[in-house]
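Asks: predicted coordinates and the sequence they were generated for:
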Amino acid sequence: MAAKEHRQSQTKKRKRASAAPKQGDKPISKKPKHLLQAKTPKSLTNKSFKTTPKPPSSSKPHKHKPPYEKSSAKTKKEEPKSKRELRLIAKEKAEARKKKRKPHYTLQQELASLWEKIRRRNIAKEERSKLISEALLKMKGKIPEIASSHVSSRVLQTCVKYCSQAERESVFEELRPHLLTLARNTYAVHLVKKMLDSASKNQLEGFISSLHGHVASLLRHSVGSVVVEHTFQLGNGSQRQALLLELYSTELQLFKDLTTTNEGRIVDLIRKLGLQKSSVVQHMTKIIQPLLEKGIVDHSIIHSVLIEYFSIADKSSATDVIQQLSGPLLVRMIHTRNGAKVGMLCVKHGSAKERKKIIKGMKGHVGKVAHDQYGSMVLVCILSVVDDTKLITKVIIRELQAILKELVLDKNGRRPLLQLLHPNCQRYFSPDDLASLNSSVPSLCDRGEGLEVTVGAEPEKNKETSEIDGHKDSEDDEESLQFVDRSKKDPCLRRFELLMNSGLAESLIDTCIEFGGELLRSNFGREVIYEVATGGAGGILRDTLADKVDALHVTISTLAALPKTNDSEQHLFENFHSSRTIRKLVLDCPSFAATLWKSALEGKCEMWAQGHSCKVVSAFMESSDSMVRDMVKSELLPLMDRDILRVPGTKQAEKES
């Protein structure tokens, strides 16, 4: 029994020992943790951890300074600098970097200070010439090196502008070997153009000779093409032709004297020199394609090349070029004569999709295009050819309606309006304009159309080629007809939709009524108001807007019925332009003649029988309408008998009758 009790007591001791915390464990307590942490230091929670007491401050000296002493020392060594000092330090560093990077940096700074004095407007000529001589002396021998600088090139341009002829020639001679290199530089190109503007005939001829073999490569360069175009504009006919010849054929590019410059057309050169047409087309395609891909189409020399290319290109090549040009790219071309011709060819031979791109590309630029001498003819072509009248109304007509008064009074802006009022009238369009409207690409039209008017080819030549290649043409006749005849809508219906359904006619009549006196007295507005007052060709306005046209007649007659005044503004019967316009209306529009007679002239003819107004009065007796003549006989015949009014041939005719 005793042994059993001894064993039980030992097991209880083992259990107590196992329940006791092990060395390194935290003691178990029922008190909250935050109370334990507040009362017992952290070092006592681990019995096994023995901390070494810190030595007293007096026992060992500190090897390092306290933190507050470190910060104070740092502030003493590196005091904060002001913003002005920081800017000055940054400027000094930038100047040092520029001096290392730019060998002529100091010279450029000196030239910039001189330039500020030279370019002043209130400076004396003697002082300016002195400063220019000083600047040129500093630059002597270094001009080609510093001409590419943004600042130095401006200094050189000013010096070339105001310096003497001898100084200008010395600068040109120093730059001559480097002109082709400088022509490709963004800043130096302006100096090159300035040098060419002031160059003599021999200097310009020498520069054009130096361009031999480099015209095509320079045209492909976005900066160099500007120099080629500038040279093309400055040169005479033979010099321009010399630049164009390099773009036609490899033979003409390699052998400068292979031909004279008398032959203006590429078709004449091919016939005279016996060149292969396919090789010429291939060479020109290699030149034109990179230009179109890069969008370099603003220059007139490129427009001339495209016109010549269309005259010899095959069907697929011409179609590819038209596809690439269709869109906003074409708007940048139509400011020149040949560019507008290219634009009209693209409109005439383009598909419906391509025409849509061309019209949408003009959005926002219609007003500017309409005021341009050549761009207005492209708008005329669009109004005469494109069948999508809803798209034209949305993009073109709406923009024209917003500026109707400006267009009517402008020499070029009135052309699209006159085309709708009186299509293809020789009174408003020159023979060259009408020829451009009727031109076509030979390879994209059938034989009959190609013989009529073609681009860069004579009708006889087209006939010969069609007879030689008769079999091929006969196979492609149907396809060619389908390609050329893009316009399927009746021209009369297209004109009615654009003029009447779009609301343009009503807006035009309202403009004429509001500004009738101003339009009649202007040189260009009088033609528009005449067409509106007569109802347009075929009486298109009278069918729908007869009341509006009659209101315009009343407005003109009311203005003509006003008494004479001493104001600077002449009376309608005495003004040169308005008197002739009213006379023409009396001859061509009997309804207007009756309104004018009753409102302004009946009983007052003797007063208006002299000066410019006599032409208006005599027009009633010259009218082809018998009712108009009968209406005025009782008053005008006595004036004719008394020789107050003279109507050529009318008095004798009346006596004989």
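Replies: The structure has been received and is ready for your questions. Residues are numbered from 1 along each chain as shown.
Asks: ok, residues contacting the host helix or strand of Val228?
Replies: Here Val228 sits within helix 224-234, counting by DSSP states H and E. Residues outside helix 224-234 that contact it (CB atoms under 8 Å, 6 or more residues apart in numbering) are 183-184, 189, 192-193, 196-197, 204, 207-208, 211, 215, 217-219, 239-240, 243, 296, 298-301. (Glycine included, C-beta is placed from N, CA and C.)
Asks: again, only using 7 Å
Replies: For helix 224-234, the external contacting residues (CB atoms under 7 Å, 6 or more residues apart in numbering) are 183-184, 189, 192-193, 196, 204, 207-208, 211, 215, 218-219, 240, 243, 296, 299-301.
Asks: how near is Arg495 to Glu229?
Replies: 38 Å (CB to CB, to the nearest Å).
Asks: could you identify the helix or strand that succeeds the helix holding Val228?
Replies: Next helix or strand after helix 224-234 toward the C-terminus (DSSP H and E): helix 237-245.
Asks: from the chain's centroid, how far away is that following helix?
Replies: 26 Å (CA atoms, centre = their mean, to the nearest Å).
Asks: and it, what's buried?
Replies: Neighbour counts over helix 237-245 (16 or more other CB atoms under 10 Å) mark 239-245 as buried.
Asks: does anything pack onto that helix? Which helices or strands?
Replies: When contacts are defined as 3 or more CB pairs under 7 Å, 6 or more residues apart in numbering; DSSP states H and E, helix 237-245 sits against helix 300-312.
Asks: distance between stretch 588-600 and the chain's centre?
Replies: For stretch 588-600, the separation from the chain centroid amounts to 46 Å (computed by CA atoms, centre = their mean).
Asks: stretch 176-186 now?
Replies: From the chain centre to the centre of stretch 176-186 is a distance of 27 Å (CA atoms, centre = their mean).
Asks: stretch 126-144 too?
Replies: 38 Å.
Asks: tell me the mean pLDDT for it?
Replies: The average pLDDT within stretch 126-144 is 90.
Asks: and that stretch, C-alpha only, in CSV?
Replies: Once non-C-alpha atoms are left out, stretch 126-144 reads as follows in CSV (Å, rounded to 0.1, in the frame of the first residue of the first chain):
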residue,chain,number,x,y,z
GLU,A,126,24.7,103.2,-92.5
GLU,A,127,24.7,101.7,-89.0
ARG,A,128,22.9,98.6,-90.3
SER,A,129,25.4,98.1,-93.2
LYS,A,130,28.2,98.5,-90.7
LEU,A,131,26.8,95.8,-88.4
ILE,A,132,26.1,93.5,-91.3
SER,A,133,29.8,93.8,-92.4
GLU,A,134,30.9,93.0,-88.9
ALA,A,135,28.6,90.0,-88.8
LEU,A,136,29.8,88.7,-92.2
LEU,A,137,33.4,89.2,-91.2
LYS,A,138,32.8,87.1,-88.1
MET,A,139,31.2,84.3,-90.2
LYS,A,140,33.6,84.3,-93.0
GLY,A,141,35.0,80.8,-93.7
LYS,A,142,32.4,79.3,-91.3
ILE,A,143,29.2,80.1,-93.2
PRO,A,144,28.4,76.5,-94.4
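Asks: just the buried residues of that stretch, please?
Replies: For stretch 126-144, by 16+ other CB under 10 Å, it's 128, 131-132, 135-136, 139, 143-144.
Asks: quick one: low-confidence parts of the stretch 251-400 of the chain?
Replies: Applying pLDDT under 70 to the stretch 251-400 of the chain picks out residues 253-263.
Asks: all the helices of it, residue numbers only.
Replies: Secondary structure of the stretch 251-400 of the chain (DSSP state H, counting those that start in this stretch): helices located at 266-273, 277-294, 300-312, 315-325, 328-331, 337-349, 352-361, 366-371, 375-385, 389-392, 398-401.
Asks: output the ones you listed in a markdown table; the columns should cover distance to Pro638 and mean neighbour count.
Replies: Output for these, formatted as a markdown table (distance: least, CB to CB, whole Å; neighbours: other CB atoms under 10 Å):
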| stretch | distance to Pro638 | mean neighbour count |
| --- | --- | --- |
| helix 266-273 | 67 | 18 |
| helix 277-294 | 73 | 16 |
| helix 300-312 | 63 | 23 |
| helix 315-325 | 67 | 18 |
| helix 328-331 | 62 | 19 |
| helix 337-349 | 56 | 25 |
| helix 352-361 | 60 | 18 |
| helix 366-371 | 50 | 20 |
| helix 375-385 | 49 | 24 |
| helix 389-392 | 55 | 17 |
| helix 398-401 | 49 | 18 |
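Asks: can you report phi and psi for Pro423?
Replies: Note on Pro423: backbone dihedrals following degrees, to the nearest 10 are phi -60, psi 140.
Asks: distance between the helix or strand harbouring Arg84 and the chain's centre?
Replies: Assigned by DSSP H and E, Arg84 belongs to helix 83-101. A distance of 43 Å separates the centroid of the chain from that of helix 83-101, by CA atoms, centre = their mean.
Asks: kindly report the same for stretch 247-254.
Replies: Distance, stretch centre to chain centre, for stretch 247-254: 31 Å (CA atoms, centre = their mean).
Asks: ok, residues contacting it?
Replies: With CB under 7 Å, 6+ apart as the contact definition, stretch 247-254 has outside contacts at 213, 215-216, 245-246, 258-259, 266, 269, 275, 280, 283-284, 287, 305.
Asks: stretch 333-348 now?
Replies: 297, 300, 303-304, 306-307, 310, 322, 325-326, 330, 355, 358, 369, 372, 374-375, 377-378, 381-382, 385-386, 436-437, 439-441, 455.
Asks: re earlier: let me know the closest of the contacts of stretch 247-254 to Leu111.
Replies: Leu111 has its nearest neighbour among those in Val215, at 33.2 Å by CB to CB.
Asks: residue contacts, the closest one?
Replies: For Val215, the contacting residues are 228, 243, 246-247, by CB under 7 Å, 6+ apart.
Asks: so which one among the residues you listed has the lowest pLDDT?
Replies: Lowest pLDDT among those: Glu246, 87.
Asks: for Ala551, see how far away it is.
Replies: Per CB to CB, Glu246 is found 62 Å from Ala551.
Asks: who has more neighbours out of the two?
Replies: Set side by side, Glu246 and Ala551 show more neighbours around Glu246, with 20 against 14, by other CB atoms under 10 Å.
Asks: need phi/psi at the more buried one.
Replies: The phi and psi values for Glu246, taken as degrees, to the nearest 10, are phi -70, psi -20.
Asks: I'd say Arg415 and Val378 touch.
Replies: No: using CB atoms under 7 Å, Arg415 makes no contact with Val378, being 10.3 Å away.
Asks: quick one: residues contacting the closest residue in space to Arg494 that isn't next to it in sequence.
Replies: Once flanking residues are discounted, Arg494 sits nearest to Thr389: 6.1 Å by CB to CB, 6 or more residues apart in numbering. Residues counted as contacts of Thr389 (CB under 7 Å, 6+ apart) are 494, 497-498.
Asks: can you give me the strands in the stretch 401-550 of the chain?
Replies: Assigned by DSSP state E, counting those that start in this stretch, the strands in the stretch 401-550 of the chain number zero.
Asks: residue boundaries of the helices in it?
Replies: So, for the stretch 401-550 of the chain - with DSSP H, counting those that start in this stretch - the helices run 404-409, 414-421, 431-438, 447-452, 459-468, 470-484, 491-496, 504-514, 516-521, 525-533, 542-560.
Asks: low-confidence stretches in the stretch 451-600 of the chain?
Replies: Low-confidence segments of the stretch 451-600 of the chain (pLDDT under 70): 451-486.
Asks: mind running it again at 50?
Replies: The stretch 451-600 of the chain contains residues with pLDDT under 50 at 451-452, 457-485.
Asks: residue closest to the middle of this structure?
Replies: Nearest to the mean C-alpha position of the chain, by CA atoms, centre = their mean, lies Arg332 at 4.6 Å.
Asks: ok, now which ones touch that residue?
Replies: For Arg332, the contact set (CB under 7 Å, 6+ apart) comprises 297-298.
Asks: what's the local residue count around Gly516?
Replies: Neighbours around Gly516, by other CB under 10 Å: 21.
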